[in-house]
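Engineer: pasting the sequence and the predicted model now:
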Amino acid sequence: MTETLRVAVIGAGRMGADHIQRLHTRIHGAEVAAVVDVDLARARAAIDGIPGAVALADADEALNNGDVNAVLIATPGFLHEDILLKAIALDIPVLCEKPLTPDAESSWRIVQAEVELGHKLIQVGFMRRFDAEYAALSEIIRSGGMGELLMLHHQHRNPSVPDTFTNEMLINDSVVHEFDAIRFFTGEEITSVQVRLGKATRYAPAGQHDPQHVLIETESGVLADVEIYVNAKFGYEVATQASFEEGIVSIGGDKGPYTRSAGRWGGNVTPGFEERFGAAYDVEIQAWADAALRGELGGPSAWDGYATAACCEAGLEAQKNGEKVAVKLAAKPDLYK
Ligand code: ISE
């Protein structure tokens with residue numbers, strides 16, 4: 001049995017570089033064996049100080065390198081399918097940053113390839129499931145101690161986004177996390193999505209309507225709403241309030257230190273997702289490595305990637321027509337039950 005994952009990290013951008021440092025300095029049982037980036041200089045910079053790691057410009061070269069036995073994919077979503085199918089053919093474990101692929105049809109091809117292989121290899125990078133407060137809220141829901149969960153209210157605010165962040169990306173790149181979180185909290189599939197466009201901020205880049213209000217229903221009738229606001233300026237916030245029969249639970253509020261000085265009180269606003277979810281990413285990648293070394297899966301599966309892609313597809317249609325759009329899902333294969 002393999003004792004150490006020798007990981008090829010594909011993509012050395014913002015998230016890839018963060019994961020490379022994480023694997024190198026904090027994760028047990030996994031090491032960076034190769035870093036691939038079309039920008040070879042960026043790949044070289046990313047392996048600086050990591051003994052035994054090679055920098056490459058081609059993913060195939062990394063996958064066929066005898067020293068590699070696992071893959072972490074951190075490229076933009078449209079590049080995922082090819083690498084995922086190759087990793088499945090090689091039967092090696094994968095951590096794939098969200099989205100699994102950009103649309104439900106291509107995600108379904110990944111699900112089918114895994115079903116054909118006969119076991120699960122792909123963990124999708126929905127890191128919020130590994131956040132301590134997300135886990136605590138999920139436990140409260142499962143325990144039934146506060147009665148039935150009735151509604152979820154989500155706030156997802158980013159300080160700013162690059163000009164290349166399209167209107168569709170508010171759904172595909174940002175609300176995709178809420179789709180997964182709602183499925184994680186309720187243990188149910190999402191049945192419909194509606195998007196409402198109200199008054200918009202003048203700080204949104206051309207072509208982007210920001211903020212947007214997303215209304216979601218699950219199989220048992222839990223209602224969820226999401227404020228997605230990606231040019232909120234003040235900082236980063238991901239928070240949820242859950243309404244139960246017996247009370248209300250809030251997660252994701254401001255954290256200390258809470259300071260009082262010179263007649264004022266306050267604290268620091270979280271600047272971005274690396275800070276907000278840094279600990280969750282560590283837990284996520286460690287869970288992936290531990291499970292992969294046992295030949296198991298340590299988190300959300302390719303099915304979760306496919307189901308959230310189907311929600312995004314409904315969300316994009318809803319963005320255009322303002323209607324409540326049904327989520328279309330294929331039957332869940334036995335492998336994921
Ligand atoms: C980004 O890609 C993420 O994954 C962040 O968690 C999210 O808050 C942000 O909106 C996305 O663009």
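Structural biologist: Everything's here; your move.
Engineer: what about residue 307, how many residues nearby?
Structural biologist: Using other C-beta atoms under 10 Å, the number of residues around residue 307 comes to 25. C-beta: built from backbone N, CA, C; applies to glycine.
Engineer: quick check: residue 149 touching residue 247?
Structural biologist: No: the pair residue 149 / residue 247 is not scored as a contact, 10.9 Å apart, by C-beta atoms under 8 Å.
Engineer: of the two, who's got more company?
Structural biologist: Counting neighbours by other C-beta under 10 Å for residue 149 and for residue 247 shows that residue 149 has the greater number, 23 against 11.
Engineer: now do the SS call for the residue lying closest to the more buried one once chain neighbours are set aside.
Structural biologist: Counting by C-beta to C-beta, 6 or more residues apart in numbering, the nearest residue to residue 149 once its immediate chain neighbours are dropped is residue 141, at 5.1 Å. Using DSSP: H, G, I helix; E, B strand; the rest coil, the secondary structure recorded for residue 141 is helix.
Engineer: residue 141 contacts residue 186, doesn't it?
Structural biologist: Yes: counting by C-beta under 8 Å, residue 141 does reach residue 186; the two are 7.4 Å apart.
Engineer: those two: which is more packed in?
Structural biologist: Ranked by neighbour count (other C-beta under 10 Å), residue 141 and residue 186 place residue 141 first, with 21 against 18.
Engineer: just want the residue of the stretch 101-250 of the chain that's nearest the ligand.
Structural biologist: The minimum distance from the stretch 101-250 of the chain to the ligand, using C-beta to the nearest ligand atom, falls at residue 174 (3.4 Å).
Engineer: could you report the neighbour count for that residue?
Structural biologist: 22.
Engineer: residue contacts, it?
Structural biologist: For residue 174, the set of contacting residues under the criterion of C-beta atoms under 8 Å, 6 or more residues apart in numbering consists of 156, 158, 228, 230.
Engineer: distance of it relative to residue 318?
Structural biologist: To residue 318, residue 174 is 15 Å away according to C-beta to C-beta, to the nearest Å.
Engineer: domain assignment for the chain?
Structural biologist: According to automatic domain parsing, the chain comprises the domains 5-128+279-301, 129-271+308-336.
Engineer: does residue 120 count as helix, strand or coil?
Structural biologist: coil.
Engineer: residues near it, how many?
Structural biologist: By the criterion of other C-beta under 10 Å, residue 120 has 19 neighbours.
Engineer: do the same with residue 193
Structural biologist: 29.
Engineer: now do it, the pLDDT please.
Structural biologist: According to the predicted model, the pLDDT of residue 193 comes to 98.
Engineer: pretty sure it sits against residue 314.
Structural biologist: Yes: under the criterion of C-beta under 8 Å, residue 193 lies in contact with residue 314, with a separation of 4.3 Å.
Engineer: can you list residues touching both of the two?
Structural biologist: Taking C-beta under 8 Å, 6+ apart as the contact criterion, the common neighbours of residue 193 and residue 314 are 325, 327.
Engineer: can you pull out the helices in the stretch 51-200 of the chain?
Structural biologist: Listed in chain order, the helices of the stretch 51-200 of the chain (DSSP state H, counting those that start in this stretch) span 59-63, 80-90, 104-117, 132-143, 169, 176-186.
Engineer: mean pLDDT and distance to residue 42 added to the ones you listed, as CSV?
Structural biologist: Formatted as CSV, those follow (pLDDT from 0 to 100; distance: least, C-beta to C-beta, whole Å):
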stretch, mean pLDDT, distance to residue 42
helix 59-63, 97, 14
helix 80-90, 98, 17
helix 104-117, 98, 26
helix 132-143, 98, 32
helix 169, 96, 22
helix 176-186, 98, 25
